[in-house]
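*Asks:* Take this sequence and fold it.
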Amino acid sequence: MKSATPHPVRHPIFARAFPAMSRALEAGGIAEHRKYYPATVSRVLAVEPAPRLRAAAIAAAREIPVPIEVTNGVASALPAEDASYDAAVVSLVLCSVPDQDAALAEIRRVLRPGGLLCFLEHVRADSAGLARMQRALEDQAG
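*Replies:* Residues are numbered from 1 along each chain as shown. From the prediction side, this is the model:
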């Protein structure tokens, strides 16, 4: 098992902007693409390195009927044993990790053989203003 991040990840601008962006995405229709866990799910490990976003995730986890453990960690060093999960869910994360290859390799490490990877990601905005904002947040988060 890899350990959690050795030091806190701090991206204050991104952490303050993300909840509003997330609400806007949900209201804009992304909620229809992100269905929550089926009744067969017995537990969820959610990894969030940013303290402010981790606190928000802990609060949100209380609203979900599945037991969710929200922990400190990064995508490239998940705090889980090898082949210990049946599925992994990656939602709006790969844009903010410094090394996507390392994150995906780590997800593969913790998935059991034949495990399922579900992901919901976004691409660069079409409008120049939104693309600039994405680049600014990306620079701040990365």
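
*Asks:* Name the residue closest to the centre of this structure, please.
*Replies:* The C-alpha lying nearest the average C-alpha coordinate of the chain belongs to V93 (C-alpha atoms, centre = their mean; 4.4 Å).

*Asks:* Thought V74 was touching that one, still the case?
*Replies:* No. Counting by C-beta atoms under 8 Å, V74 is not a contact partner of V93; they are 10.4 Å apart. Yep, even glycine has a C-beta here, placed from its N, CA and C like the rest.

*Asks:* picking up where we left off before, ok, now which ones touch the residue nearest to the centre of the chain?
*Replies:* In this structure, V93 makes contact with 75, 103, 121, judged by C-beta atoms under 8 Å, 6 or more residues apart in numbering.

*Asks:* again, only using 7 Å
*Replies:* With contact taken as C-beta atoms under 7 Å, 6 or more residues apart in numbering, V93 is in contact with A75.

*Asks:* if I've got this straight, it is in a helix?
*Replies:* No. Under DSSP: H, G, I helix; E, B strand; the rest coil, V93 sits outside any helix and is assigned coil.
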